[in-house]
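Student: predicted structure and sequence below. I'll ask about it afterward.
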Amino acid sequence: MNTTEQWSSKLGFILAAAGSAIGLGAIWKFPYVAGTSGGGAFFLLFLLFTIFLGLPLLLGEFIIGRSTQREAISAYQTLAPGSAWHLVGRMGVVTNFILLSFYSVVGGWVISYFYRSITGQLLGTEGGYEQLFGRVISSPVEALGAQFVFIFITCIVVARGVQQGIEKTSKYMMPALFILFIILIFRSLTLEGAWKGITFFLYPDFSKITAEAILYALGQSFFSLSIGASVMVTYSSYLSKKESLTRSATSIVGLNLFISLLAGLAIFPAVFSLNLEPAGGPGLLFNVLPSVFEKIPFGAWFIMAFLALFLFATLTSAFSMLEIIVASITKGNEKLRKKWSWIIGIAIYMLGIPSALSFGPLGEFTVAGKSIFDTADYLVSNILLPLGALFISIFVSFKIKPEILRTELDAGRSVSLTFYKVWLTLLRYLVPLAIIVVFLHALEIL
């Protein structure tokens, strides 16, 4: 059964897809991964991977979804009936299930900080912001309670559907997030010692690049664009045949890179000005934000607004993760949407409990030296997403008929033969080669 809903406009699709892509990937994860992986050199690698690998892959996922107008699993079955390619869609569903289980933990942290900003318990907190972050993530009651609220909100929106739930919220909140980001950057860049942070973030020092850092840059480029898990297959299945896929894809990639740049310019100058450690890990953003807003007039109001919009950005990504799972089960039957949104949401919450407790009661439990939270993150970002991207690149470039590829790329806006050939070459050869080489290098086989 085909999907019964569509995006009401191209702008609605771009903002929803960009919201899915931006979310915590660009705002929360990018600064701390860049901080632990070489700063400017990592950013350059991330930029190149996003443009030359991420963009072609994003277009590939768009073609799979829009050409079939079906969710992830059914889309592969439609294009390659009787084959095992539907397993790529199923792997995407599993990937999103695991991803949302630990992603919702971070969403819970944002909710905790937002609540503290409303009640006046955030800025000027006793003991410093690093200790506050430690208390938030190590408290079982607060961690699990906030994670539950995050999942609850996600289920409510996805249960309402594409237009009334996902698209409607994206249209209003995304522009506001950009405005507050600019304010944060302006204050961060005017702090004493900010230039050191700018140099760290924008000047490539390739001596700091390791095989693992390259793998992280590749994983981050996929994570921040929501590709490799067939999310964009499902989202593009709701897109009208009249819209240009190339314009939509370039708009989304451009917005994602712009937000990543803004995140770096907001965070790293403040990190060095406040003598914090750039390799501070997952808590980097939560330690830096209050420190910067504390130095801004009316900072309490600004951080409240920023956290509200930051929470929205995390939720837009969560919407897309839950949507692909719900869509794979309901198969376009909107009558089943509400029930399955809640069933799946509860199951994801249960799976995420160990990740939520991995900074508290389960802090001593590790897998290969990593906490449960970090293990889930590593599994998704550095194994499942690159593998999914590898299979998708092969599927689109070798299994889909050329006439389908051209028809989808030309819809809404014709593309030149040169563009088509370059895109197909990148997708057919460069993307798989890059993923395989990075994997083998990280495993010390190459």
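Tutor: Okay, I see it.
Student: quick check: the gap between Ser251 and Val415.
Tutor: In this view, Ser251 and Val415 are 15 Å apart by CB to CB, to the nearest Å. (Each C-beta comes from the backbone N, C-alpha and C, glycine too.)
Student: kindly report the same for Pro204.
Tutor: 32 Å.
Student: do the same with Ser101
Tutor: 39 Å.
Student: which one of the two has more residues nearby?
Tutor: More crowded of Ser101 and Val415, by other CB atoms under 10 Å: Ser101, with 25 against 16.
Student: can you map out the strands along the stretch 251-400 of the chain?
Tutor: Using DSSP state E, counting those that start in this stretch, the strands of the stretch 251-400 of the chain run over 366-367, 370-371.
Student: least confident of these, on average?
Tutor: When those are compared by mean pLDDT, strand 366-367 comes last with a mean of 84.
Student: adjacent strands (with direction) for it?
Tutor: Sheet pairing of strand 366-367 (DSSP bridges) gives strand 370-371 (antiparallel).
Student: who's in contact with the strand it pairs with?
Tutor: Ser358, Phe359, Leu362, Gly363, Phe365, Tyr378 (CB atoms under 8 Å, 6 or more residues apart in numbering).
Student: residue contacts, the residue nearest to the second one when sequence neighbours are not counted?
Tutor: Looking back up the chat, that one is Phe359. Among residues not flanking Phe359 along the chain, Ile137 sits closest, at 4.1 Å (CB to CB, 6 or more residues apart in numbering). Ile137 makes contact with Trp109, Ala143, Gly283, Phe359, Gly360 under the criterion CB under 8 Å, 6+ apart.
Student: for Arg160, same thing?
Tutor: Counting by CB under 8 Å, 6+ apart, Arg160 has no contacts.
Student: still on that earlier bit, show me the contacts of Ile137 that map onto helices.
Tutor: Members of the contacts of Ile137 lying in helices (criterion: DSSP state H): Trp109, Ala143.
Student: tally of neighbours for the closest residue to Gly124 other than its chain neighbours?
Tutor: Using CB to CB, 6+ apart and skipping the chain neighbours, the partner closest in space to Gly124 is Glu294 (6.6 Å). Neighbourhood size, Glu294 [other CB under 10 Å]: 16.
Student: check Leu311 too.
Tutor: Neighbours of Leu311 using other CB under 10 Å come to 18.
Student: so it sits against Trp109, correct?
Tutor: No - the pair Leu311 and Trp109 fails to qualify as a contact (CB atoms under 8 Å) at a distance of 10.1 Å.
Student: now, of the contacts of strand 370-371, which are buried?
Tutor: Those of the contacts of strand 370-371 that meet the buried threshold are Ser358, Phe359, Leu362, Tyr378, by 16 or more other CB atoms under 10 Å.
Student: using CSV, lay out those together with distance to Pro31.
Tutor: Below are the buried ones among the contacts of strand 370-371 laid out as CSV (distance: CB to CB, whole Å):
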residue, distance to Pro31
Ser358, 21
Phe359, 19
Leu362, 26
Tyr378, 18
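Student: hmm, back to that, out of the strands of the stretch 251-400 of the chain, flag the one nearest Tyr216.
Tutor: Of all the strands of the stretch 251-400 of the chain, the one in closest proximity to Tyr216, counting by CB to CB, is strand 370-371 (13.5 Å).
Student: next one: that closest one to chain centre, how far?
Tutor: 21 Å (CA atoms, centre = their mean, to the nearest Å).
Student: same question, stretch 297-307
Tutor: 24 Å.
Student: try stretch 205-213
Tutor: Stretch 205-213 sits 23 Å away from the centroid of its parent chain (CA atoms, centre = their mean).
Student: re the thing from before, what's the closest of the buried ones among the contacts of strand 370-371 to Val396?
Tutor: Using CB to CB, the buried ones among the contacts of strand 370-371 come closest to Val396 at Tyr378, 26.5 Å.
Student: tally of neighbours for the nearest residue to the closest one once chain neighbours are set aside?
Tutor: Leaving aside its sequence neighbours, Tyr378 sits nearest to Lys370 (CB to CB, 6+ apart; 6.2 Å). Lys370 has 14 neighbours, counted by other CB under 10 Å.
Student: having no further points to raise, I will conclude here.
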